[in-house]
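Student: here is a sequence with its predicted model. Questions after.
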Amino acid sequence: MFRLEARTSTPGWFNLALPLLAIGATLVLCSGLIALAGAGVIEAYGVMFSASLGDSYAITETLVRATPMIFTGLAVAVAFRAKFWNIGAEGQLLAGAVASCAVGAIPMPGPLAMLLMALAGAAAGAAVALVPATLRVKFRVDDVVSSLLLNSVIFYGLMALIEGPWKDSFSGYPISPPIEDSANFPVLLEGTRLHLGVVAAFLAAPVIWFLIARTTLGFRIRVVGENPEAARYGGIHVERVLISTALLSGALAGLAGVGEVGGVHFQVMSDISPGYGYSGIVVAMLARLNPLGVVPAALFLAAVMTGAEAMSRATGVPAFLSDVIQGTALLAMLVALLFTAYRVRRVGAAR
Amino acid sequence: MPAPLIEMRGISKSFGAVMANEAVDLSVAPGEILGLLGENGAGKTTLMNVLFGAYAPDAGEILVQGRPATINSSADALAAGIGMVHQHFHLAPRLSVLENLLIGIPGKSGRIDRAGGRARLNEIGRQHGLTLDPDLPVSALSIGEQQRLEIVKALFRGARLLILDEPTAVLAPTEVDGLFSALRSMAAQGLGIIFISHKLNEVRALTHRCVVLRHGRVTGRVDAPASTTSSEMARLMCGHEIVPPARGPSTPGEAVLTLDGISTSRHSGMALRDVSLSVRAGEILGIAGVAGNGQRALAEVISGIRAPDAGRLTIAGKMVSRFSPREVQALGLGRIPEDRMTTGLVTNLPLADSMVLPRIGTDAFSRNGLLRPDAIRAFAEAQIKAYDIRCPGPMTRAGALSGGNLQKALLARELAFDPKVLIVSQPTRGLDIGAARFIHEKFLDMRARGCGIIVLGEDLEELLMLCDRIAVIYEGRIVGTLDSADATIARLGLMMTGAEGHS
Ligand SMILES: Nc1ncnc2c1ncn2[C@@H]1O[C@H](COP(=O)(O)OP(=O)(O)O)[C@@H](O)[C@H]1O
Ligand SMILES: [Mg+2]
């Protein structure tokens, strides 16, 4: 018989070992599905690996994929630290994309355009996140529900725009007009899609880590998340901290949209995000809400996504497997987290 | 003497390097109330968890009615007729009393036997004075009622031996009386009871026999607790005499905290009605009262959490205008809350974080919005040393500390900045004699240094020992204030029921 016993302390190496364990378990569990789909497991994972990490081009593609998820992962990690349950990174990303695209379409010098796109996108994301935060602070509306539902509102708002007044008159498709060429983010490596936004994402992670770990705002975010009552008695303005957190979180998610517009698509279309906002939740959980952990977690999911597409082309396994792997990784991580608080003990055989 | 219900022989259990129990022998006979006495960390809970099957002992054996038994889980324990009421209750707050009672009990043909449960609940309630409304959700019960439900649950599951781990730590004095009469009635019916406490007067009043633990070992067995002196038992428990600190004379100065006609709305709990009080520098003012008579509102107003509807609050000569915790703190108020874990500390973060929490925005711990991790750490380390807070270090999770050490940490955090006024609620609730003594000495120190202290409490002996004056609060009003020289427990007790006193 086995029993869970509460741990009094958690060894430090768990922080590294648990995500790896969760990823390992995910690959094992999903191999069953690949086999069911009639493909060789080794072969399928082989294709996944080579298409995502096998050569330098594949690696740059994975990096480009990871970029929006680093931003949304950071957005979710910051929010969840304060226990502001922001499930709305998807909508905030879309808002950021729309705002930055609108700004990028205005003719002006390139660097200025990029800067203003980033500001506009961050502001739009923050404005969207403000809605569930205000509803929670003022009216105690559940933030999970309001931020989640807002995603649909924004998505259909965006559809209405690109099907209607904002439709690209030149192509006639339901997509927005493109941004100015000068506003396209510079490509860092000739012949790849590795753009400036990728660097920005990799820089954002340590910045956010510093903010959480080393600033008074970060301290207040942590305390409010862990014990709002003690925070209030300690002189912390809890509502204000929640609002600040929401603004920061929304801005980060908005930047995810900016990167997609400025560096990848150069315009807005309905499928500009294949759920990067939701993937951000998986990323943040895999990272255990640590901003530095967000980068490797986003890289993992990005590799899975690029890899899964190639695998489905090569072996006929549906690309939906990518979603299954993401979901399984989240569940595996949640189970693995149990082991930080408990240990499994073998006890004497039951009578 | 009848054969023992259960017997523990040579039980040892260690956690890493800590010997929580070492060769402990203990037995309980039917109808007997056994006291298990010891300071915090003496190993009482561990020993009972071994008996209840939560931990496997490293050595020793357990006999149930004379036969060796293997108890590997709470299910085994219940099957052996052992029930336990833990320090922290295990109830489902959204379910009703009856549903909580029936959790895990298979009825006939897989259906839940509600009618039968209801009947048994009433019967047990009548027998021992443990009445409960079966249809109320547990979240609507007071702590005392939740405890009653835990006891009824154990009896319902057929316990012949009931273990209560520090049941009185969470109760008001009036509720303690009710618990004791229920326990006596159960013992009269032949149940065995193990009663854990570190309060000597309770153990002397209730138990037939007691076992004293210190550092995991049995340091004494008392066969007639009622006729053994408290100081003798304290010596067994602590290893040395405990002398209550003496409160010397003092010469109070100017008023440092004044409430003038404070009234609050009936926001949550009892409202305050026209409360006027003042504490002078170098004076300790007690506020005695049965819990729920406005103490909470009073503490909230003084802490700046809640603005009163009428009246004025003055701290160190300045009127409080905005009623925020930050404002009253800046005026020189320190605060030691009653519920350390909820409004005091952040259990999931490092202890150091809790110790700097109220002053994180000041230059001592941050500059221009950037934390000063070295200063924070150094401050926490210095306080840990100065107050002898037992923990592996400032980065330990605060929640891992024992109650006494948490209280010391809170005290250290508030006293480090020389408050002009200190408001404390139930300062030694749940603490053992040694820790309580330490806290009392610190208060008297602060008094000697000119700090004004307000102590809200129910423990009249403690208030009489600490305070220069004692005001009594009843239904949100101050019914009278006595000099502690004129105050007696009887007189205060009477005033606490609403009888007018003389100021
Ligand atoms: N699960 C545990 N892991 C490690 N140490 C423990 C654990 N439980 C208790 N201890 C240690 O064992 C000793 C006895 O604790 P406990 O039985 O809780 O004491 P008491 O109930 O008398 O206050 C203490 O030093 C405590 O820190
Ligand atoms: Mg205990």
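Tutor: Nice, thanks for sending it over. Ligands and ions are numbered 1, 2, ... in the order given.
Student: any low-confidence regions in chain A?
Tutor: Scanning chain A with the threshold set as pLDDT under 70 gives A:1, A:6, A:8-9, A:347-351.
Student: tell me where it has helices.
Tutor: Along chain A, counting by DSSP state H, helices occupy A:14-36, A:41-53, A:56-81, A:89-104, A:110-139, A:143-163, A:196-214, A:216-226, A:228-233, A:238-259, A:276-286, A:291-315, A:321-341.
Student: grab the nearest non-local neighbour of the one residue in the stretch 51-200 of chain A that gets nearest to ligand 1.
Tutor: For the stretch 51-200 of chain A and ligand 1, the shortest gap (C-beta to the nearest ligand atom) falls at A:Lys83, measuring 27.1 Å. Quick note: C-beta positions are derived from backbone N, CA and C, even for glycine. Excluding the flanking residues, the one nearest A:Lys83 by C-beta to C-beta, 6 or more residues apart in numbering or on different chains is A:Gly225, at 4.4 Å.
Student: check contacts around that neighbour.
Tutor: Applying C-beta atoms under 8 Å, 6 or more residues apart in numbering or on different chains to A:Gly225 gives the contacts A:80-83.
Student: what do you get for B:Pro68?
Tutor: Shown in contact with B:Pro68 (C-beta under 8 Å, 6+ apart): B:61-62.
Student: that one in helix, strand or coil?
Tutor: Secondary structure, DSSP: H, G, I helix; E, B strand; the rest coil: B:Pro68 is strand.
Student: ok so, going back, please spell out the PyMOL selection for the buried subset of the contacts of A:Gly225.
Tutor: A single PyMOL command selects the buried members of the contacts of A:Gly225 (16 or more other C-beta atoms under 10 Å in any protein chain shown):
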select buried, chain A and resi 80+81+82
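Student: who in the stretch 1-150 of chain B is up against ligand 1?
Tutor: Residues of the stretch 1-150 of chain B lying close to ligand 1 by C-beta under 6 Å from any ligand atom are B:15, B:18, B:20, B:38, B:40-46.
Student: nearest to chain A, of those residues?
Tutor: Ranked by distance to chain A (C-beta to the nearest C-beta), these are led by B:Phe15 at 7.6 Å.
Student: for that closest one, give me phi and psi.
Tutor: Backbone torsions for B:Phe15, taken as degrees, to the nearest 10, come to phi -110, psi 100.
Student: so it bridges to which residues?
Tutor: Using DSSP bridges, the beta-bridge partners of B:Phe15 come out as B:Val18.
Student: give me the neighbour count for it.
Tutor: Neighbour count for B:Phe15, taken as other C-beta atoms under 10 Å in any protein chain shown: 10.
Student: bridge partners for the residue in the stretch 251-351 of chain A positioned nearest to ligand 1, pull those for me.
Tutor: Nearest to ligand 1 in the stretch 251-351 of chain A, going by C-beta to the nearest ligand atom, is A:Arg343, at a distance of 10.6 Å. Judged by DSSP bridges, the bridge partners of A:Arg343 are A:Glu5.
Student: so where do the strands sit in the stretch 351-500 of chain B?
Tutor: Using DSSP state E, counting those that start in this stretch, the strands of the stretch 351-500 of chain B run over B:366-367, B:370-371, B:421-425, B:452-457, B:469-474, B:477-483.
Student: what's the closest of those to B:Leu213?
Tutor: In terms of C-beta to C-beta, the element of the strands of the stretch 351-500 of chain B nearest to B:Leu213 is strand B:452-457, at 27.5 Å.
Student: ok, now which ones touch the closest residue to chain A within the stretch 101-250 of chain B?
Tutor: Closest residue of the stretch 101-250 of chain B to chain A, C-beta to the nearest C-beta: B:Asp165 (16.1 Å). Applying C-beta under 8 Å, 6+ apart to B:Asp165 gives the contacts B:44-45, B:48, B:84-87, B:196.
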